[in-house]
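[1] starting from these lines, generate the structure:
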Amino acid sequence: MEELFSPDKQYKVSFGSMEIRMSHWVDQPYLVRISDNKTLFGLEHLWSADDVRWLDESTVTMNLRLYPGLLGCAVTLNVALNQGEVSGQAGNFTGTLPEVVAWINGLENPSDLYRY
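    Sure thing, here's the model as predicted:
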């Protein structure tokens, strides 16, 4: 996937794409501040972004799924306010960007093959 820049080009969502199995790809998203190349949002494990859209200069929304796709959530991040919201099968959460990262990383993969 190509990088997706915010409308004012201060932030971008880049992707670490990896092939898990033959023709099974995970496109892991990273929210990066351009000025200092600092990653503001990045997840562990096998989270993949299906849909990423910038809502304004500092707010991005993305639909994420945990490989192999048995758990999904919608995430909205506002970097100007350092706030994020998560909603989905595992529940809802609101907090700072680091708190949102920690909450998502704490979710357990429902697939016995991909427990960590």
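[2] now the spatially most central residue of the chain, nearest residue through space, not along the chain?
    Closest to where the C-alpha atoms of the chain average out (CA atoms, centre = their mean) is P29, at 4.9 Å. Leaving aside its sequence neighbours, P29 sits nearest to A49 (CB to CB, 6 or more residues apart in numbering; 4.1 Å). For every residue, glycine as well, the C-beta is placed using N, CA and C.
[3] what pairs with whatever helix or strand that neighbour lives in, parallel or antiparallel?
    For A49, the host element (DSSP states H and E) is strand 47-54. Its sheet considered, strand 47-54 pairs with strand 59-66 (antiparallel) by DSSP bridges.
[4] CA atoms only: put the following helix or strand past the strand it pairs with into PDB for me.
    Where DSSP H and E defines the elements, the next helix or strand beyond strand 59-66 is strand 71-78. Written as PDB, here are the backbone C-alpha positions of strand 71-78 (Å, rounded to 0.1, in the frame of the first residue of the first chain):
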ATOM      1  CA  LEU A  71     -11.200  -9.700  15.400                       C
ATOM      2  CA  GLY A  72     -11.700  -6.200  14.000                       C
ATOM      3  CA  CYS A  73     -12.100  -2.600  15.200                       C
ATOM      4  CA  ALA A  74     -12.500   0.900  13.900                       C
ATOM      5  CA  VAL A  75     -10.000   3.400  15.200                       C
ATOM      6  CA  THR A  76     -10.100   7.200  15.000                       C
ATOM      7  CA  LEU A  77      -7.000   9.100  15.900                       C
ATOM      8  CA  ASN A  78      -6.700  12.900  16.400                       C
END
